[in-house]
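Peer 1: requesting a structural model of the entry that follows:
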Amino acid sequence: MATASFVETLRATLMAELERLRDEVRKIADGLSDQQLWQKPVQPGNSVGHLILHLTGNLNHFVGGQIGKTGYVRDREREFTETSPPSRQHLMQQLDAAVATFRSVVGTLTEDQLTSAHPEQRFGTVLKALVQILSHFALHRGQMSYIARLVVAT
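Peer 2: Below you'll find the model as predicted:
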């Protein structure tokens, strides 16, 4: 049995790490023009904007919808194929809202909830799912850095 302070530290660490990664994504996006934000430097491939849509959908689905019961309905395919992309401002507001949902849901999880089964069986526990979700976010953040360098160079 973990102490209450350990559970609080764990939740705070998860939230802080996601916010750090989100801030890095914001910095990458800020360095791009609107055209570069949606440019796919290789085919098949992704743009920074599409990856932001994807990370937003991922957080809203696995954390908001499945753990927090927000009712979010995901259209994963559209995250990668959106042909009428939202404005930069709306895109970033949606990402911020997904991060806020993560904070809201994770900030209230008890030890029992963290160690319970995630609705998506492949994740195992809720805690394991949260770690994998952060790893997934970090992976795509790294891809964005590479994509940004490619589109700026062209």
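Peer 1: just give the closest residue to residue 154, not the sequence neighbours.
Peer 2: The shortest distance from residue 154 to any non-neighbouring residue, by C-beta to C-beta, 6 or more residues apart in numbering, is to residue 41 (6.8 Å). For glycine as for every other residue, the C-beta is placed from the backbone atoms N, C-alpha and C.
Peer 1: residues touching residue 66, list them.
Peer 2: Residue 66 sits next to 118-120 when contact means C-beta atoms under 8 Å, 6 or more residues apart in numbering.
Peer 1: run the last query once more with 6 Å
Peer 2: Listed by C-beta atoms under 6 Å, 6 or more residues apart in numbering, the contact set of residue 66 reads residue 119.
Peer 1: and it, backbone torsions?
Peer 2: In this entry, residue 66 is assigned phi and psi values of phi -80, psi -40 (degrees, to the nearest 10).
Peer 1: output the lowest mean pLDDT helix or strand found in this structure.
Peer 2: Evaluated with mean pLDDT, DSSP states H and E, the helix-and-strand set of the chain has its lowest mean pLDDT in helix 76-81, which scores a mean of 93.
Peer 1: mind checking which helix or strand the residue nearest the centre of the chain is in?
Peer 2: Closest to where the C-alpha atoms of the chain average out (C-alpha atoms, centre = their mean) is residue 55, at 3.6 Å. Secondary structure from DSSP states H and E places residue 55 in helix 48-58.
Peer 1: restricting to C-alpha, output that helix in CSV.
Peer 2: Provided in CSV are the C-alpha atoms of helix 48-58 (Å, rounded to 0.1, in the frame of the first residue of the first chain):
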residue,chain,number,x,y,z
VAL,A,48,3.1,18.5,-37.1
GLY,A,49,-0.5,19.7,-37.2
HIS,A,50,-1.8,16.2,-37.8
LEU,A,51,0.3,14.8,-35.0
ILE,A,52,-1.2,17.4,-32.7
LEU,A,53,-4.7,16.4,-33.7
HIS,A,54,-3.6,12.8,-33.0
LEU,A,55,-2.2,13.5,-29.6
THR,A,56,-5.3,15.5,-28.7
GLY,A,57,-7.6,12.6,-29.8
ASN,A,58,-5.4,10.1,-27.9
